[in-house]
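Trainee: Everything below, folded, please.
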Amino acid sequence: MSVFHLLKDRHGSSSAEFALVLPLLLIFLFGIIDAGRFLWEYNRAEKATQMGARMAVVTDVVASDLVTNDYVGIDGLEVGDPIPAGALGTITCDDVQCSCTGACVGIGGGRNDAAFTNIVDRMKQMKPNITPANVEVLYSGSGLGYAGDPSGMDVSPLVTVRLKDLEFRPITSLLFASFDMPSFTTTLTAEDSVGNLSN
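Mentor: Residues are numbered from 1 along each chain as shown. Just a heads-up that it's a prediction; the model follows:
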């Protein structure tokens, strides 16, 4: 066979074209799989946050000072007066401590570790890779509650559960590095805030 015949021979052209297209096809295929996985993980994180918020509003308060705080006499409030939203700043509880910014009269750093753990454990039922460091529980004024309420907490705060610092690692992580997912938050108004069980 001469060199001229080898140049005109087309028997291996399909294999060569397939070899050129295969890497792009695989990247496209794994990209579609990763997009589906990302949406799945996004949904799991969102639902875990909603479950955590529900748990936080019906079970024991993480910021334990809220339970014993008496608003009678604060800013001239008398027994039975509605508590204005501005009477409570924002209490942020993470895996280490609770801290308050804004109006914090009577609020120290009291923290119910078991209540925080219960919230995280409930969230892990939906998304097992959540750690306590990924979760924050925030309490802020809602304008609900009465000074000197004999049946429970004076204030009924807005409770926000925030899920943060989650990372998504694509299958194609050899080509693309992992990236941070956005923070997820859900806010509900506190209900009875007593106990350790939620529906």
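Trainee: before we move on, what SS does Glu17 have?
Mentor: Secondary structure state of Glu17, per DSSP: H, G, I helix; E, B strand; the rest coil, is helix.
Trainee: buried set for stretch 40-52?
Mentor: The neighbour-count check on stretch 40-52 (16 or more other CB atoms under 10 Å) flags Glu41, Arg44, Ala45, Glu46, Lys47, Ala48, Thr49, Gln50, Met51, Gly52 as buried. All C-beta spots, glycine's among them, are computed from the backbone N, C-alpha and C.
Trainee: Okay, now the unreliable bits of the protein?
Mentor: Low-confidence segments of the chain (pLDDT under 70): 1-12, 172-176, 194-199.
Trainee: That one: strands as residue ranges?
Mentor: With strands called from DSSP state E, the chain shows them at 90-93, 98-101, 135-140, 158-163, 167-168, 179-180, 184-189.
Trainee: got TSV for these, with distance to Gly152 and mean neighbour count too?
Mentor: Rendered in TSV, the data for the strands of the chain read as follows (distance: least, CB to CB, whole Å; neighbours: other CB atoms under 10 Å):
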stretch	distance to Gly152	mean neighbour count
strand 90-93	17	22
strand 98-101	19	18
strand 135-140	15	23
strand 158-163	15	23
strand 167-168	39	13
strand 179-180	39	10
strand 184-189	14	16
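Trainee: now those strands in CSV, with distance to Asp149?
Mentor: Converted to CSV, the strands of the chain look like this (distance: least, CB to CB, whole Å):
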stretch, distance to Asp149
strand 90-93, 18
strand 98-101, 20
strand 135-140, 16
strand 158-163, 17
strand 167-168, 43
strand 179-180, 42
strand 184-189, 15
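Trainee: Looking at those strands, which is nearest to Ile32?
Mentor: Taking CB to CB, strand 167-168 is the member of these nearest to Ile32, at 15.3 Å.
Trainee: Quick one: residues contacting the residue nearest the centre of the chain.
Mentor: Most central in the chain under CA atoms, centre = their mean is Leu163, positioned 1.8 Å from the mean C-alpha point. By CB atoms under 8 Å, 6 or more residues apart in numbering, the contact set of Leu163 is Ala45, Ala48, Thr49, Gly52, Met123, Ile130, Asn134, Val135, Ser183, Phe184, Thr185.
Trainee: swap the cut-off to 10 Å and go again
Mentor: By CB atoms under 10 Å, 6 or more residues apart in numbering, Leu163 lies in contact with 45-46, 48-50, 52-53, 123, 127, 130, 134-136, 181-186.
Trainee: Please apply the same query to Pro182.
Mentor: Counting by CB under 10 Å, 6+ apart, Pro182 has contacts Tyr42, Ala45, Glu46, Leu163, Lys164, Leu166.
Trainee: With Thr189 instead?
Mentor: Val57, Ser142, Gly143, Leu144, Ser156, Pro157, Leu158, Val159.
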